[in-house]
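Visitor: My questions are about this predicted structure, shown below with the sequence.
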Amino acid sequence: MAKLGLAVTEAIITEYGKEEVLRRLSDPFWFQSFGAVMGMDWHSSGITTSVMGALKRAINPHAKELGIYICGGKGKFSTETPAELLRLADSTGLNGTELVRCSKLSAKVDNTAIQDGFQLYTHNFIVSDTGQWTVIQQGMAPHNKTARRYHWHSDTVRSFVEEPHTGICGVNQGAILNLTAAEASCTRSGIVQITADDPHQLIRNFQRLILPSHHEVHAEDVNLKRLGAVLWLAHEQHPENFEELLLLQGVGPRTLQSLTLVSEVIHGTPSRFKDPARFSFAHGGKDGHPFPVPTKVYDETISVLQTAVHNARLDHTDKTAAIKKLHEIAARAEKDFVPNANFDALIQKERDEAWKYGGRTVFGKAKPPKNDQLSLF
């Protein structure tokens, strides 16, 4: 996960700049899609801690080169954020006092000003060497063990106490206390109860990412036209059919499928991330849903991305352009694509073939189906 996270981050910086990485991380739909591409459970609260932990391990050793630093983490690591920011300020000249203030205020707002029953247990503060920042933090509801994630971006924060978020992700909890609502401006010194009678007023400017309780990926969780176009490009076409993709010749169909979804994570527009479950078809999930993580494909995806970023630094951008074209061609194909009813069969095929690609879950290695086992001897 750390290697793929670094490769995607470098690709975004190469193409769009480091500030775009902060903006993407502040988008809850993009973040969920990114986590799915990395092989995490597509709907799990574990995406937050795992993705941010992997990014911190991967990016911080290259922080000076990339211009991005990740502070904080889960549990006790979240409390180390102020010290990390002050050390960062000493080495970069950033205003450490102000950054610490922003970190503490964002945590205080989500723990106190928004009283929704979730207690913060993870706090990540991502900052660029220009002083822009993004906050990703998550709270847990002790009574039912569900999680809620809060996203912030310095570019959109006009006030820490009035509508400061770029997104809040979680299931509707009914009536809550929300002192950051614009409607509470006149009574922010007191406690204002915002009822659930009008949820649109409560979170009028919030993006809501509400994930289902089931672990499996169902057809209704996915935009089938978009997924179908990706599969069509990867498995029914060949790079030589598209002049833009000739430099990707030699990449197998299964890796092309993953690269197309990764291409969208790097280059796609915000409207493309409304169905994060679709991105689990890049590298599966660690729990086996929708299928085991194909480690060989995962490694090949990382290798292709790393090569493209390396070439781009040498001003050889052909392969980078080819990867970008992947999602553009798939998007064009959607217009005329009619999905069939083979969604469950697709998942079963991926599971049956997972062993060929080094399929792994937290439960162990994927094994061939019985009929394949017999044919091996």
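Guide: That came through fine.

Visitor: CA only for contacts and neighbour counts going forward, please
Guide: Will do.

Visitor: Which of the helices and strands in the chain ranks last by mean pLDDT?
Guide: Across the helices and strands of the chain, mean confidence by mean pLDDT, DSSP states H and E is lowest for strand 193-194: a mean of 38.

Visitor: quick one, what contacts F279?
Guide: Residues near F279 by CA atoms under 8 Å, 6 or more residues apart in numbering: 33-34, 36-37, 42, 261.

Visitor: Keep only those of those residues that are in helices.
Guide: Among these, the members falling in helices (DSSP state H) are 33-34, 36-37, 261.

Visitor: Turn those residues into CSV, columns for pLDDT.
Guide: Formatted as CSV, these follow (pLDDT from 0 to 100):
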residue, pLDDT
S33, 93
F34, 95
A36, 93
V37, 94
L261, 92
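
Visitor: Show me the two of the contacts of F279 that sit farthest apart.
Guide: Spanning the widest gap among the contacts of F279 are W42 and L261, at 13.8 Å by CA to CA.

Visitor: Neighbour count for the two, which is higher?
Guide: W42 (32 against 26; other CA atoms under 10 Å).

Visitor: related to what we said a few turns ago, same list, the contacts of F279, but as JSON lines with distance to G364 please.
Guide: Putting the contacts of F279 into JSON lines (distance: CA to CA, whole Å) gives the following:
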{"residue": "S33", "distance to G364": "24"}
{"residue": "F34", "distance to G364": "24"}
{"residue": "A36", "distance to G364": "19"}
{"residue": "V37", "distance to G364": "20"}
{"residue": "W42", "distance to G364": "19"}
{"residue": "L261", "distance to G364": "25"}
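
Visitor: next SSE after the helix or strand harbouring Y69?
Guide: Here Y69, judged by DSSP states H and E, is contained in strand 68-74. Counting by DSSP H and E, the next helix or strand C-terminal to strand 68-74 is helix 81-92.

Visitor: what angle separates the helix or strand following that following helix from strand 68-74?
Guide: Reading on from helix 81-92 to the C-terminus, the next helix or strand found by DSSP H and E is helix 96-108. Counting by axes from the mean of the first three to the mean of the last three CA atoms, to 10 degrees, helix 96-108 lies at 40 degrees to strand 68-74.

Visitor: quick one on the thing from earlier: what are the contacting residues of the strand holding Y69?
Guide: Strand 68-74 has contacts (CA under 8 Å, 6+ apart) with 18, 49, 52-53, 55-56, 59-60, 63, 78-81, 84-85, 121-129.
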